[in-house]
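Asks: Show me the folded form of this:
(chains A, B and C)
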Amino acid sequence: MSEEIAHPAARPLSAGRTAGFLARQWPWLVALAVAVLVPYLSYDWATGRHSGFMVSMLSQMGIMIIFALSYNMQMGQTGLLSFGHAVFLGLGGYVTAHALNAVKAGSFWLPLEITPLAGGLGGLVFAILFGYFATKQRATAFAMITLGIGELVTACALMFQTFFGGEGGVSTNRMIGHSLFGLSYAQPLQVYYLIVAWTAIAVALMLLLTRTPLGRMANACRDNFERAQFVGYDPRMVRFVQFSLSGFFAGIAGALYTLTYEIVTYDTVGGGMSANALLMTYIGGVGAFAGPVIGAVLIVLLQSWVSLLSNSWLVYAGVLFILMVTFAPGGIAGIVMMHQPIWRAGRLGRLAAPYARLVLPTLLAAVGFVLAIELCSFLTIGAAQGKSLTLSGVTVNPRSGTPWIAAVVLLGVGGLWMRVEMRRIGTAWDAVTEEIKAMGGRA
Amino acid sequence: MEVLLVSLLNGLVYGMLLFMLASGLTLIFSMMGVLNFAHASMYMLGAYFAFSVSRLVGFWPALVLAPAICGLMGALIEMYALRRVHKNGHIAELLFTFGLAFIIEKGVQMAWGLLPVPYRVPPVLDHPLFQIYGSNFHAYRGFMLLISALMFVAIWLLLTRTRIGLVIQAALTHPEMVGALGHNVPRVFTIVFAGGSALAGLAGVIGGNYLVTEPSMAITMGPIVFVVVVFGGLGSLAGCFIASLIMGLVQTYAVVLDVSFADLLGRLGLPVTSATPLAEFLTIPLPRVGALLPYLMLILVLLVKPRGLMGTRDT
Amino acid sequence: MSAGGPGLRLIDVHKSFGPTPVIMGVSLDVTPGTRHAIIGPNGAGKTTLFNLISGRFPVSSGTIELGGRRIDGLAPHEINRRGLSRSFQVTSIFARMTVFENIRCGLLWSRGYRYSFWHLLGGERALNEAAARLLADFNLESRRDVPAGLLSYAEQRALEIGITIAGGADTILLDEPTAGMSRSEADHAVALIRRVTAGKTLVMVEHDMSVVFDVADVVTVLVYGQVIASGPPAEIRGSRAVQEAYLGVPAAGVGA
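Replies: Sure thing, here's the model as predicted:
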């Protein structure tokens, strides 16, 4: 191979370039492979059927990944806190439902694979409409306006029949008979792979967007509103465009929602769904692009599995959220990134032992907490529903004192022990960072 | 006509209740810059605590105990949690109170159940006070007016006649300056937060049995109180008072006046039929839209006059 | 590059915050291509004057013109697009973005990218080369991928100036560019400023007299919101009024 090295951009696409691309993007490719293969983990080879639960949960994950990433376009990248993002998911969903029904009725031709674009356009249009007013405001006023818009749209969705179908929502059927690949999409698995494809596209587009002038200036406006003005940009315009594009992607998520569940109702635009976006994005971490992905996967996991076992999964999500806000505002991704310099310096092993000692007390405290919550819940809500609390076959009576005492003891002991171990971790952390700084000075 | 007059009285009662809630929130928001999503949760907790306490020892002790518990909770939250979160930034504070409201709602559901609880007006006040145009004016409403008026006077005296009150007034509009002058601003913050929470709790005590006591009362009341605070303007208690009364009247009249856009257009000679575009929207009667009005007003105020009626600071 | 013609002009500008007058009838005529320093005791209103020129606050009365056209009342980004750029007294950079990104952001608008979400910045060769050149100019190449918030103070000040001039503005406002610097750092900064503002119009607020007399062609003295003297450095140095304003007592000469 000739060694002429012209300007980097002038070098033709060679094996070197491809290798560079793989080296940087391999986590995404691995994730894609996992997404494609994971339904087969729960595949029943005897009957040849996939686990409905698994496929449903995975589909939900795909939708929420797009939704959370679109939310982070506002929150983490532009510094906009919105309490009404679900509006664009829901409206995109409603538009898609109507589009599907129209196609079914023969009004026009649209292959199913392209329908998410219809949702995206719906989200975009409404984001432009609402965003024009909302982005003129500063931080707190923006948050309140989005809250107001969210509630207004929810109320409209309940009241009006023509577009929203009132309380019953809009039902549709995804088997419209048009497909680019000749698929009928009768099976949920086919819909799942469509979701995987669209998630990959949306993730790629949103990632590329962060590397455009708009994406960079959005970060700049977040960091320093005034400075952005003095490099020639109108920060309001930057926010407006970014807000609108984020509505586009939320609309795509909404369209996929419609395709999966074949019905859209008022709760897709409601405060609960918006809070979901906030929860997923924040817990995952707003500072890294992949943060919301982590958060979405985690929250859907929690929702799907914990809600099988307990009514109170929202309580756990809420407590996790508050703990994050108070102690780890960077989310899970933030915690990971904090460890990066230590990992690079090869000193991560030094923290292994202190972290390992944290496992048992955390487990104790968690068990105690969960026990307390479940006892509470079964005392009132469960009793009204005639359910009783069973732990591995043993019925626990919320009315007797023993379980309560056990819960408090576990929580107390676990909590105090956690504090001790956290302090040890802090000391170890400081020691390691000092070492690294000293290394850096010498080098 | 009678309906309008009766509604005027009802609207005033409701408005005073709103003021009890909104005054605490405007103090907290103006001074600390924290939009306290959990404020309406204190209202809810006040009602629920009063319910439980009054089942044990009666309504009158509950009137004192429940707000006290709320105030204590507010103090603890401010001292041990909010201060910690404060250094993570404004958005983190907002999110914290948001999460707190969420958890309090779930907590209430778990402690008292999902359905409304039978928190009733005490029997001694459960009779009509006088009649006006054939409608009864309930004694409890008079009681509510009395309590809110007393509380209003108490706040006014506290703010204008005591030293701490003057500091609070100053910190309302110039919090940093007050700190620079050497006042113990953190302690003032704790007092204001606790006081605001206690006020909200008191509003819950007297409002919970008048309206309804259920886990969703915080979410229903919350936005209304936000609108009042924004509408009245930051840094101004007088503006908050006027805004509360206006909101109380608007909400009361909205329920009572069974008209719609279509009616209005009809009077102007433009009949609306089912074939008219947006007919569904135009024929909605006002009472059904009643729940929407606070949000509409919130958006309108923020767009048109973000400083509110008498605000001295930007949101 | 403006050669001759009207530059930055302030005509009888007044500014009050509520009932408090801060700027009381300031008029200024900055000839294009010159270096103009504004000095004065603390609280004289120098930064307020900058804020008025750059559009952060509206004037209470009076007009501000740039190149013969009025700029008072315009939004800051509009003023910036007309060719006026400023730095800030308190370092104002994009703390969470890398040094390279900071400079590149300063270049974007002037290179016509606007609100594009279809250009991938990684492949924009001319843009990246220009940013790299600027970095080299400011001796920040070695800090290229460091988040700007982690730079040393002097490096941040240098970056601040870099972002300010990146867009190619003809009129540069620098607000206390050497504040908080050591002697050698300040000397470095001054040499840098001279080099990068060659041929442009520079208006500088400064407290360091040696810098002022070294760099400026014209010096204006602002005291309590009013101009008490304006002219070449030598004239200002010898002016009675200025000495009294600074020292309160007539002295033999104004020291550094």
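
Asks: show me the residues around A:Gly131 that make contact.
Replies: By C-beta atoms under 8 Å, 6 or more residues apart in numbering or on different chains, A:Gly131 lies in contact with A:Phe240, A:Phe243, A:Ser244, A:Gly247. For glycine as for every other residue, the C-beta is placed from the backbone atoms N, C-alpha and C.

Asks: Which pLDDT value belongs to it?
Replies: A:Gly131 carries a pLDDT score of 94 in this model.

Asks: Any idea how far the helix or strand encompassing it is from the middle of the chain?
Replies: Applying DSSP states H and E as the criterion places A:Gly131 in helix A:115-134. Remark: helix A:115-134 is offset 20 Å from the chain centroid, using C-alpha atoms, centre = their mean, to the nearest Å.

Asks: repeat for stretch C:51-69
Replies: Using C-alpha atoms, centre = their mean, the offset of stretch C:51-69 from its chain centre is 15 Å.

Asks: Can you tell me the number of residues neighbouring B:Phe137?
Replies: 17 (other C-beta atoms under 10 Å in any protein chain shown).

Asks: Among the contacts of A:Gly131, name the buried ones.
Replies: A:Phe240, A:Phe243, A:Ser244, A:Gly247 (16 or more other C-beta atoms under 10 Å in any protein chain shown).

Asks: can you name the two of those that are farthest apart?
Replies: A:Phe240 and A:Gly247 (10.8 Å; C-beta to C-beta).

Asks: Please spell out which residues along the helix holding A:Gly131 are buried.
Replies: A:115-128, A:130-131, A:134.

Asks: what's downstream of that helix, the next helix or strand?
Replies: Counting by DSSP H and E, what follows helix A:115-134 is helix A:139-159.

Asks: Now do that next one against helix A:115-134, angle only.
Replies: Angle, helix A:139-159 to helix A:115-134, by axes from the mean of the first three to the mean of the last three C-alpha atoms, to 10 degrees: 130 degrees.

Asks: got the buried residues for helix A:139-159?
Replies: So helix A:139-159, judged by 16+ other C-beta under 10 Å, has buried residues A:140-159.

Asks: hang on, the earlier thing: looking at the buried ones among the contacts of A:Gly131, which one is closest to chain C?
Replies: For the buried ones among the contacts of A:Gly131, the closest approach to chain C (C-beta to the nearest C-beta) belongs to A:Phe240, at 8.9 Å.

Asks: Now do the same for residue 153: its pLDDT.
Replies: Just going to use chain A. 92.

Asks: that's the other chain; I wanted chain C
Replies: C:Tyr153 carries a pLDDT value of 88.

Asks: what do you get for A:Val336?
Replies: We have a pLDDT of 90 for A:Val336.

Asks: Packing partners of the strand or helix carrying it?
Replies: According to DSSP H and E, A:Val336 maps onto helix A:331-338. Packing contacts for helix A:331-338, counted by 3 or more C-beta pairs under 8 Å, 6 or more residues apart in numbering or on different chains; DSSP states H and E, involve helix A:271-284, helix A:291-301.

Asks: now the shortest one and helix A:331-338, what's the angle there?
Replies: Pointing back at helix A:291-301 there. 130 degrees.

Asks: Buried residues, helix A:291-301. List them.
Replies: A:Gly291, A:Pro292, A:Val293, A:Ile294, A:Gly295, A:Ala296, A:Val297, A:Leu298, A:Ile299, A:Val300.

Asks: what do you get for the first one?
Replies: Residues of helix A:271-284 classed as buried: A:271, A:273-284 (neighbour count, 16+ other C-beta under 10 Å).

Asks: Is stretch A:273-281 positioned near chain B?
Replies: Yes - judged by C-beta under 8 Å from any C-beta of the partner chain, stretch A:273-281 and chain B are in contact via A:Ala275, A:Leu278.

Asks: what residues does that stretch touch?
Replies: Against stretch A:273-281 from outside (C-beta under 8 Å, 6+ apart): A:64, A:67-68, A:71-72, A:75-76, A:82-87, A:89-90, A:150, A:267, A:291-292, A:295-296, A:298-299, A:317, A:321, A:331, B:95, B:98, B:102.

Asks: Any chance of a ChimeraX selection covering the buried ones in the residues you listed?
Replies: In ChimeraX, a selection of the buried entries from the contacts of stretch A:273-281 looks like this (16+ other C-beta under 10 Å):
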select /A:64,67,68,71,72,75,76,82,83,84,85,86,87,89,90,150,291,292,295,296,298,299,317,321,331 /B:95,98,102
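
Asks: The stretch 51-200 of chain C: strands as residue ranges?
Replies: Secondary structure of the stretch 51-200 of chain C (DSSP state E, counting those that start in this stretch): strands located at C:61-66, C:69-70, C:84-86, C:171-175.

Asks: Off-centre distance for the second one?
Replies: So the one you mean is strand C:69-70. On C-alpha atoms, centre = their mean, the centre of strand C:69-70 falls 19 Å from that of its chain.

Asks: and that strand, which strands flank it?
Replies: Paired neighbours of strand C:69-70 in the sheet (DSSP bridges): strand C:61-66 (antiparallel).

Asks: Okay, the residue nearest the centre of chain A and B:Thr97: tell me how far apart.
Replies: Nearest to the mean C-alpha position of chain A, by C-alpha atoms, centre = their mean, lies A:Ala296 at 2.9 Å. With distances taken as C-beta to C-beta, to the nearest Å, A:Ala296 is found 24 Å from B:Thr97.

Asks: Over to A:Ile63?
Replies: From A:Ile63 to B:Thr97 the distance is 29 Å (C-beta to C-beta).

Asks: Give me the below-cutoff pLDDT ranges for the stretch 101-250 of chain A.
Replies: Counting by pLDDT under 70, the stretch 101-250 of chain A shows no low-confidence range.

Asks: How about the residues of it by chain B?
Replies: A:133, A:136-141, A:143-145, A:147-149, A:151-152, A:155, A:159-162.

Asks: Between A:Ile63 and B:Thr97, point out the one with more neighbours.
Replies: Ranked by neighbour count (other C-beta under 10 Å), A:Ile63 and B:Thr97 place A:Ile63 first, with 27 against 23.

Asks: Pull the distance from the helix or strand containing the more buried one to the chain's centre.
Replies: Here A:Ile63 sits within helix A:52-78, counting by DSSP H and E. In terms of C-alpha atoms, centre = their mean, the centre of helix A:52-78 is found 4 Å from the chain centre.

Asks: near chain C at all, that helix?
Replies: No - under the criterion of C-beta under 8 Å from any C-beta, chain C is not reached by helix A:52-78; the shortest gap measures 10.4 Å.
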